[in-house]
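Asks: Dropping a prediction and its sequence here:
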Amino acid sequence: MNNLIRLEIIRALRNKKYLFFTILYPAALFLMLGGTLDGTTKVMGTELTMPAFYMVAMASFGALTAVLMGNSERIAKEREKGWVRQLRLTALPGRGYVLAKTASAGVLSLPSILVVFAVAAGVKDVRFDTWQWLALTGAIWAGSLVFAALGVALGYLAGGDSVRPLTMLIYFGLSILGGLWMPTANFPQWLQTIASWLPTHAYAGLGQAIELGGAPHAKDVAILVAYFVLFTGAAAWLYRKDSLKA
């Protein structure tokens, strides 16, 4: 399984689309959305400055891009080309393929997080204590595994032609409604209520709590754990279903 993880990482790093959309794109969005704002302006309903808010939002968005977009489409295409069927003939257990995809996606989300942090610190002079930088990196990276599991599930749910529009719909829907592109405090109250139960809202909440000097809220952690169990369960069930068709 380790060899498969290494292969997945090498393949992704050679992909120019990965380098742009998962590493450069989130940092560019940070400069567009948060980089032009006054560093003293607070986000409505919080004590976070706009640059600090968008730093966590875009780091989370970049990690989401790395684990969700690449995973789902790659798995769907590998199924169509027979690569997954070939792997089933090897000694690699079925769970090994799913775990390798999730783990490699998690590793690939780390560069996007670090680049956004570097841009925020270098361009907008965002400053935190050392423990906060470490906690932010760990929380955002660990939280991305929830969406890595979702990417695996989508890769087994849809075919090569339909997986991209389906993933894009979920990707942008979760990003916008979850508050990664704009504070949910700007939403109508009914939409804020919906957003508060989305995994992306809880995901961003991890980093925002750390930025304010505290620990992630128990509700956010519980929501992410619940979604992780749901997504991994769906991925495992869809994988077994796909295996029966082969």
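Replies: Happy to help now that I have it.
Asks: drop to CA atoms for contacts and neighbour counts, all remaining ones
Replies: Will do.
Asks: contacting residues for the spatially most central residue of the chain?
Replies: The centroid of the chain falls nearest to L64 when counting by C-alpha atoms, centre = their mean (1.9 Å). With contact taken as C-alpha atoms under 8 Å, 6 or more residues apart in numbering, L64 is in contact with S109, S144, F147, A148.
Asks: Pick out the most distant pair among those.
Replies: Farthest pair in these (C-alpha to C-alpha) is S109 and F147. Separation: 10.7 Å.
Asks: Quick check: neighbours shared by these two?
Replies: Here S109 and F147 share the contacting residues L64, V67, scored by C-alpha under 8 Å, 6+ apart.
Asks: residue boundaries of the helices in this structure?
Replies: Remark: helices assigned in the chain by DSSP state H are 2-13, 16-18, 25-33, 50-64, 70-81, 83-88, 94-123, 130-157, 163-177, 189-195, 199-211, 218-245.
Asks: mind putting these in TSV, distance to T41 included?
Replies: Output for these, formatted as TSV (distance: least, C-alpha to C-alpha, whole Å):
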stretch	distance to T41
helix 2-13	37
helix 16-18	33
helix 25-33	13
helix 50-64	6
helix 70-81	35
helix 83-88	50
helix 94-123	15
helix 130-157	21
helix 163-177	21
helix 189-195	22
helix 199-211	15
helix 218-245	25
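Asks: Which of these has the highest mean neighbour count?
Replies: Mean neighbour count (mean count of other C-alpha atoms under 10 Å) peaks for helix 50-64 among these, with a mean of 29.
Asks: That one versus helix 199-211: what angle between them?
Replies: Relative orientation of helix 50-64 and helix 199-211, computed by axes from the mean of the first three to the mean of the last three C-alpha atoms, to 10 degrees: 130 degrees.
Asks: For helix 50-64, output the C-alpha coordinates as CSV.
Replies: Provided in CSV are the C-alpha atoms of helix 50-64 (Å, rounded to 0.1, in the frame of the first residue of the first chain):
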residue,chain,number,x,y,z
MET,A,50,-10.6,40.0,7.4
PRO,A,51,-7.1,38.8,6.4
ALA,A,52,-7.1,36.2,9.3
PHE,A,53,-10.5,35.0,8.4
TYR,A,54,-9.7,34.6,4.7
MET,A,55,-6.3,32.9,5.5
VAL,A,56,-8.1,30.0,7.2
ALA,A,57,-10.9,30.1,4.6
MET,A,58,-8.6,29.8,1.7
ALA,A,59,-6.2,27.3,3.3
SER,A,60,-9.3,25.2,3.9
PHE,A,61,-10.5,25.8,0.4
GLY,A,62,-7.1,24.7,-1.0
ALA,A,63,-7.0,21.6,1.0
LEU,A,64,-10.6,20.8,0.0
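Asks: quick one: it to chain centroid distance?
Replies: 11 Å (C-alpha atoms, centre = their mean, to the nearest Å).
Asks: quick check: angle from it to helix 130-157?
Replies: With the same axes, to 10 degrees defining the directions, helix 50-64 sits at 40 degrees from helix 130-157.
Asks: Now do stretch 78-86, average pLDDT.
Replies: For stretch 78-86, the mean per-residue pLDDT is 65.
Asks: Which of the helices and strands in this protein ranks last by mean pLDDT?
Replies: Of all the helices and strands that make up the chain, helix 83-88 has the lowest average by mean pLDDT, DSSP states H and E, namely a mean of 58.
Asks: List the contacts of M55.
Replies: F30, G34, V116, F117, A120.
Asks: nearest to I23, of the residues you listed?
Replies: Once C-alpha to C-alpha is applied, the member of the contacts of M55 that ends up nearest I23 is V116, at 8.1 Å.
Asks: I'd like the distance between that closest one and T22.
Replies: Per C-alpha to C-alpha, to the nearest Å, V116 is found 10 Å from T22.
Asks: any idea of the mean pLDDT in stretch 43-53?
Replies: The average pLDDT for stretch 43-53 rounds to 80.
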